[in-house]
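Asker: Just the structure for this:
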Amino acid sequence: MAETLTLGQEALQAAAKAHVDDAFYTPRFEVRIAGVGLPKDVMRDVTSITYRDNIKQIDGFDLTVNNWDSDRNRFKYTGSETLAQLTQTNPPANSDAALFQIFDPCGKDVEIRMGYLGDLTLMLKGNFTSISPVFSASAAPVLNVSGLNVLHKLRTKQFSWAWEGLRDSEIALNLRTLRDPRGGPRFPLPVDIDKGALKAEKPTPYVAEHNQYDIDFLLTLARRRSYIVALRPDPTGRTPGTLYFGPPDSNAPGSPQPLRDVTFQLHCGRSLIEFKPKMTAANQVSSVTVHGWNRRTRKPIIKKVTLDDARIRCNRDIHRLLQQCDPREEIVVTEPKFTEADAEARALAILNNAQHEFVKCDGTTIGLPDLRAGLHVEILNVGARFSGVYFITETEHTINDSGYITKFKAQRDDPARVR
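Answerer: Now for the predicted structure:
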C-alpha cells in the first residue's frame with residue numbers, strides 16, 4: 001500500500017534523514033562524470049540544472065553553465081579552444097584542455113543527483129548529448145549542455161522480429177535474451193515486469209516488430225495496454241539501472257518499485273505554488289467497439305466496452321457531466337485482434353485512456369525529487385471537480401538561484417489505485 005505524505009511530513013523526514021533542521025530548505029545538486037564529481041570551480045559555474053521525465057519519452061537533463069573566465073578575460077569552456085587542446089588525450093585535471101573537453105557529448109557517463117543538504121536522490125545516469133553556447137553582445141556568455149539517460153543508446157540499430165503465442169510482458173522479458181548479429185545482447189538492460197499484470201494478460205497469436213528500435217517497439221507495446229516503460233535507477237550508481245515494463249500502479253508483491261512508494265498530498269494555497277486543471281469533454285467517448293478476426297474459427301470478433309463497465313473507475317464521480325455532452329462512440333477496425341479477450345482488453349484500454357484525458361492538470365510545487373512520472377499525487381482544496389488523485393505523466397525539476405521547484409503534468413486517476 002502506498003504511503004501518503006503531506007509536504008510538511010516530507011520536509012520533516014528529509015530533515016531528520018540529514019540530521020539538519022533546515023536541510024529541506026537547502027537545495028543541492030551533484031553532477032558526476034565517470035564517477036567523479038565536477039571540480040568546485042566548475043560546479044560554481046553551473047547556474048541552473050533541470051531534470052525532465054515523461055512516461056512516453058526518454059528522460060533527460062539540461063545544464064546552464066557560465067562560459068566566461070573573468071580572471072583571464074576569455075571564454076572558459078568553448079570559444080577559446082584550439083584543435084590541439086580538443087584532441088589531447090587524458091589532459092591533466094583543471095588544465096585548459098580538460099575544461100574545454102569536460103562537457104563533450106557521447107564520451108562520458110554522467111550521473112545527476114538532486115535534493116537537499118545531506119539527502120540527494122539519483123535522478124538519472126546517462127550521457128551528454130549536445131552543447132549549445134550562446135555568444136551575445138548584451139549578456140554574459142553561457143553554455144547550454146543537454147543529456148539523456150542511457151536508454152538513448154538503445155536507438156542505434158533497428159530490428160525486425162516476431163513472437164507467437166506470448167503475452168506482452170513475456171515479450172518484454174524475451175527482448176533481453178535476443179542477440180545482435182554484430183555481437184552482444186540487443187537489449188543491454190535488465191527488464192522487470194509486474195507479475196500480477198502478467199497473470200492477467202492473454203497470449204497473442206502473433207506480434208511483429210517491423211524495422212524498429214527495440215525501445216520504441218517496447219513503448220508501442222506498453223501504450224496499447226496503458227502500461228509504462230520506465231528506467232529505475234540503481235541507487236548506488238554502479239549500474240545504469242533496470243527497465244520496468246508494466247502498469248503505472250504496480251503494487252503487487254514481488255513487483256519492482258521505481259522510487260519510494262509515496263503519494264504526495266498537495267494542498268492548494270499551501271504546498272501548491274500553482275495549479276492549472278483542465279476538463280475537456282471534446283473527443284470523449286461513451287463506448288468503444290473493437291473488431292477482429294479469429295483465424296482458428298474463421299469468424300469475426302466484436303467486443304464492446306461502455307462507461308457503465310465496472311472496470312472503468314477513473315472519473316466515475318463526474319461521469320454525469322460527461323453524459324450531458326453526448327459523447328460519441330468509437331469503433332476500431334484497423335488493428336489485428338485474434339481473440340475475444342485481446343479485443344476486449346484493447347477496447348477497455350482505449351476507453352480508460354480516453355477517461356484519463358478528461359481531466360488533466362499542470363502544477364508547480366516546492367522541489368520534490370521523488371515526485372516523478374509514473375507515480376501519483378493527491379490534490380486537495382480545489383473543489384469536487386478537480387480535487388482527487390492524479391497520475392503524473394511528466395515532471396520537470398529545476399534548481400537555480402531561486403531555489404528548487406518541481407513542475408508536473410498529470411491526469412486524474414482512479415483513487416483505488418493508491419489505497
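Asker: who does the lengthiest strand in the chain touch, helix- and strand-wise?
Answerer: If you go by DSSP state E, the chain has its longest strand at strand 119-134. If contacts are counted by 3 or more C-beta pairs under 8 Å, 6 or more residues apart in numbering; DSSP states H and E, strand 119-134 sits against helix 7-18, strand 27-33, strand 57-66, strand 109-116, strand 142-149. Glycine gets a C-beta too; all of them are placed from N, C-alpha and C.
Asker: Can you read off the pLDDT for the nearest residue to G147 once chain neighbours are set aside?
Answerer: In space, G147 comes closest to F128 once its chain neighbours are excluded; the distance is 4.6 Å by C-beta to C-beta, 6 or more residues apart in numbering. pLDDT, F128: 92.
Asker: Let me see the contact set for F128.
Answerer: For F128, the contact set (C-beta atoms under 8 Å, 6 or more residues apart in numbering) comprises F103, D104, P105, C106, K108, V110, V145, S146, G147.
Asker: farthest-separated two in those residues?
Answerer: Spanning the widest gap among the contacts of F128 are K108 and S146, at 13.6 Å by C-beta to C-beta.
Asker: Name the secondary structure element that contains A208.
Answerer: strand 207-212 (DSSP states H and E).
Asker: Show me how far that strand is from its chain's centre.
Answerer: Relative to its chain's centre, strand 207-212 lies at 24 Å (C-alpha atoms, centre = their mean, to the nearest Å).
Asker: What mean pLDDT does that strand get?
Answerer: Mean predicted confidence for strand 207-212 is 87.
Asker: Just after it, pick out the following helix or strand.
Answerer: In N-to-C order, the element after strand 207-212 by DSSP H and E is helix 214-223.
Asker: List phi and psi for I301.
Answerer: Main-chain torsions, I301, degrees, to the nearest 10: phi -120, psi 130.
Asker: and G196, helix, strand or coil?
Answerer: helix (DSSP: H, G, I helix; E, B strand; the rest coil).
Asker: how much space between it and S169?
Answerer: 10 Å (C-beta to C-beta, to the nearest Å).
Asker: give me the low-pLDDT residue ranges for the stretch 1-150 of the chain?
Answerer: 1-25 (pLDDT under 70).
Asker: same thing but 90
Answerer: 1-26, 34-41, 53-59, 90-94, 105-109, 117-119, 121-127, 137-138, 148-150 (pLDDT under 90).
Asker: could you say what helices and strands the longest helix along the chain packs with?
Answerer: In the chain, assigned by DSSP state H, the helix with the most residues is helix 340-356. On a contact count with 3+ C-beta pairs under 8 Å, 6+ apart, helix 340-356 meets strand 285-294, strand 299-306, strand 328-332.
Asker: tell me what the first one is packed against?
Answerer: In other words, strand 285-294. For strand 285-294, the elements it packs on are strand 299-306, strand 328-332, helix 340-356, judged by 3+ C-beta pairs under 8 Å, 6+ apart.
Asker: If you count neighbours, what's buried in it?
Answerer: Using 16 or more other C-beta atoms under 10 Å as the burial criterion, the residues of strand 285-294 that qualify are V285, S286, S287, V288, T289, V290, G292.
Asker: on that earlier part again, possible to save the helices and strands packed on strand 119-134 as a markdown table with mean neighbour count and distance to R346?
Answerer: Formatted as a markdown table, those follow (neighbours: other C-beta atoms under 10 Å; distance: least, C-beta to C-beta, whole Å):
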| stretch | mean neighbour count | distance to R346 |
| --- | --- | --- |
| helix 7-18 | 17 | 39 |
| strand 27-33 | 19 | 43 |
| strand 57-66 | 21 | 23 |
| strand 109-116 | 23 | 37 |
| strand 142-149 | 21 | 30 |
